[in-house]
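>>> prediction below, plus the sequence it came from.
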Amino acid sequence: MKSFKRIAAILLAVLMAASLFACGAKTEGGDKPAPETAKKYVIASDNAFAPFEYLDTDTNQYVGIDMDILAAIAEDQKFDYEVQNVGFDAALNQVQSGQADAVIAGMTITDERRLTFDFSDGYFDAGQILVVPANSEIKSIEDLKGANVAVKISTQGADYAQSVAEQYGFTVTTYEDSPTMYQAVIQGTNAACFEDDPVARYSIQSQHLELKVVGDVINAKPYGFAAKLGENAELISMFNTGLANIKANGVYDQILAKYGY
């Protein structure tokens, strides 16, 4: 009888051990399950929009205000990410198609874009400006009658130019990126272009482009970090919290000062 009880006890112990193993091991603390691997977010961005994102040819790395702000916020909020610098229009498409979790690319927050994107709090205010050759006699939008104006695809500058083209009597040509657009104006293919004011001024100064800005800044609005509507709310929340923190601790001002703001 004792032998039978001993065998039964051994079998019961084996069954209990197997049950515990099947349910999963506990952590050293004994209270929480083992942590899952943290998600690595894919962030899409522009590839030529200085000073917000541009290729540093000395290091072959993308740098700029957007890149530095994202890095500082990720460090503050302890999340991992990978940036894909694919161009502005492509970046928006990647987020919409699910190939990227979010976009940071000097993207103006607008009511129209809110229909398809969730935005963070604004992190930089900018508007559009008219850019012409350095020797041009064009002084304002009223002087564009009969001219052909360059714009960059999917941007606020493009939207604005197309909305007033008939009113001011000019036509519009679309380009994929800012450097190509600038060259079209310098070479005389287009009489002018519309570009975000800080980008135009930075590019003209840093690259010694034979261009100048004229007229007043229009459509001044904030840039935002964005995700596909209804998705990645936690990432937007972390960005907002991190942005507030780096503004409070001075890191945000240091980043802007690094690029002359």
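The structure has been received and is ready for your questions.

>>> C-alpha from now on. contacts and neighbour counts both.
Noted.

>>> ok, which stretches of the stretch 101-250 of the chain are helices?
156-168, 178-186, 197-207, 233-248 (DSSP state H, counting those that start in this stretch).

>>> separation between the closest residue to Ile65 other than its chain neighbours and Val63?
Using C-alpha to C-alpha, 6 or more residues apart in numbering and skipping the chain neighbours, the partner closest in space to Ile65 is Phe52 (4.4 Å). Distance, Phe52 to Val63, using C-alpha to C-alpha, to the nearest Å: 8 Å.

>>> count the neighbours of the residue nearest to Ile65 for me.
Residue neighbour count, defined by other C-alpha atoms under 10 Å, stands at 24 for Phe52.

>>> same question for Phe194.
When neighbours are counted by other C-alpha under 10 Å, Phe194 registers 26.

>>> what is it paired to in the beta sheet?
Taking DSSP bridges as the rule, Phe194 bridges to Leu130.

>>> coming back round to it: so can I have JSON lines of the helices of the stretch 101-250 of the chain showing distance to Asp56, mean pLDDT and mean neighbour count?
Output for the helices of the stretch 101-250 of the chain, formatted as JSON lines (distance: least, C-alpha to C-alpha, whole Å; pLDDT from 0 to 100; neighbours: other C-alpha atoms under 10 Å):
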{"stretch": "helix 156-168", "distance to Asp56": "25", "mean pLDDT": "95", "mean neighbour count": "16"}
{"stretch": "helix 178-186", "distance to Asp56": "15", "mean pLDDT": "97", "mean neighbour count": "20"}
{"stretch": "helix 197-207", "distance to Asp56": "13", "mean pLDDT": "95", "mean neighbour count": "17"}
{"stretch": "helix 233-248", "distance to Asp56": "24", "mean pLDDT": "98", "mean neighbour count": "17"}
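
>>> could you dump those helices into CSV with distance to Ala38 added?
Listed next are the helices of the stretch 101-250 of the chain as CSV, based on distance: least, C-alpha to C-alpha, whole Å:
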stretch, distance to Ala38
helix 156-168, 35
helix 178-186, 36
helix 197-207, 35
helix 233-248, 13
